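Enquirer: this is a predicted model, with the sequence first.
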Amino acid sequence: MTNSIQRALIVGGGPAGLSSALALAQAGVDCDIAELTTDWRPGGIGIALQSPPLRAAKALGVFDEIVSVARPNPEIVITRADGAEIGLMPQINVGSSDDPPFVNMSRMALHGVLVRAVERHNVRVRLGTTVQALEEKPDGVRAMFNDGTVEDYDLVVGADGLHSKVRELILPGAPKPAYAGQTVWRMAGRRPPGLDRYTIMIGGPHRIGLVPLPDDGLYVWMLDSTLPPQRPPRDRLLGLFHERMAAYGGVAPAVADQATDPGQLDVRALQWVLVPPPWHQGRVLLIGDAAHTTTPHLAFGAGLAIEDAVVLGELVRAGTAPGDLGGQLAARRFERCRLVVDGALQLSRWEQEPGPPNPGAPELVRTAMLKLAEPI
């Protein structure tokens, strides 16, 4: 190995942390993952990966396995609130002609692919564990964990999400997560007859996505601009969900009928954060949502995290000094991440405006996708 990084700690076991551990392990680094949860299940229900993140997955060696547990999606269908089709949104393909330009999958399936990959590279995982303090030393970083143990590393990667403990420790003056003005409803269901393509319903009071998954699965999302940021009481969730779905036709009633228990509904206020460079302090750096959490309007949040990991691996293999990694990572990644965060926020703000859908939205999406098709 041409670099001085022998041992790394990755804080967080989501897509960013797993992808980072995989990229570093492939570069010859001995890796530990500290994951705060004890059951280690991914947040959310479904996920869409577009062609650029699939390109990054190919660089990490997990493309084929991802495609094997996903449903290909060459285009998105746009309908009115009554279900009538009004347009198609083709997807850009930056891979080979045989590669799908876009896939839908459950978050658990993606988690499984990445977990199996890091296991093959002998990455150690410490569940129920996170860092309490980090101490920079002349030749590394000392990590103090919540279980009282202490370990020394050459590099620490903060991949611990929107409310990052690592960000708080190394960049206490960094921007805090901010409310975007919308709430997202999510539900897992079964795909009703006639729903074969990713469908987005617009023109009603909300925006609904119906995402077919493998094995007749369905991921449902709804962007809601009418709720306050506080989560509604559990006993009101079903009623509020059905009230909102009642404004939609087509297959929407068959989807709504599947919601019979409030436990099926995941309801969260949308938040975002964009940390300006630096993304690091010495040998400790941020990656993924810890540095740039986006709203889901461009479907590129996990994609950015996977790309971050690929770039980190490239920098390590190139022999970049540990203290320089964070600066070079941010230099490569910040503008691309800002494009996604700012573009998604603009789409969110337009959706919160009264009246018909903003006519600028399709062009914003098209321009962003063309830019994101460029090499990372």
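Expert: Arrived safely, thanks for sending. Residues are numbered from 1 along each chain as shown.

Enquirer: how's the chain carved up into domains?
Expert: Annotated domains of the chain cover 7-177+272-372, 180-268 [automatic domain parsing].

Enquirer: JSON lines for the ones you listed, including mean pLDDT?
Expert: Shown next, in JSON lines, are the domains of the chain (pLDDT from 0 to 100):
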{"stretch": "domain 7-177+272-372", "mean pLDDT": "97"}
{"stretch": "domain 180-268", "mean pLDDT": "97"}
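
Enquirer: among these, which is the most enclosed?
Expert: The highest mean neighbour count among the domains of the chain, using mean count of other Cβ atoms under 10 Å, belongs to domain 7-177+272-372: a mean of 19. The C-beta positions use only the backbone N, C-alpha and C, and glycine is treated the same way.

Enquirer: quote the end-to-end distance of it.
Expert: Start-to-end span of domain 7-177+272-372 (Cα to Cα, to the nearest Å) is 32 Å.

Enquirer: and if you look at stretch 35-47?
Expert: Stretch 35-47 has an end-to-end distance of 21 Å (Cα to Cα).

Enquirer: list of residues touching that stretch?
Expert: If you take Cβ atoms under 8 Å, 6 or more residues apart in numbering as the criterion, stretch 35-47 is touched by 12-15, 17, 104-108, 110-111, 125-130, 160, 186-188, 211, 213, 219, 221, 266, 302.

Enquirer: okay, and which of the residues you listed map to helices?
Expert: Pro15, Gly17, Arg107, Met108, Leu110, His111, Ala302 (DSSP state H).

Enquirer: tell me which two in these are the farthest apart.
Expert: Comparing all pairs in these by Cβ to Cβ, the longest separation belongs to Gly17 and Met108, at 16.0 Å.

Enquirer: Gly44 and Leu213, how far apart?
Expert: 13 Å (Cβ to Cβ, to the nearest Å).

Enquirer: swap that for Leu195, please
Expert: As judged by Cβ to Cβ, Leu195 and Leu213 stand 11 Å apart.

Enquirer: again with Ala188
Expert: In terms of Cβ to Cβ, Ala188 sits 8 Å off from Leu213.

Enquirer: partner strands of the strand or helix carrying Ile86 and their direction?
Expert: Assigned by DSSP states H and E, Ile86 belongs to strand 85-90. If you go by DSSP bridges, strand 85-90 pairs up with strand 75-79 (antiparallel).

Enquirer: what does the partner strand rub up against?
Expert: 85-91, 102, 197-202, 250.
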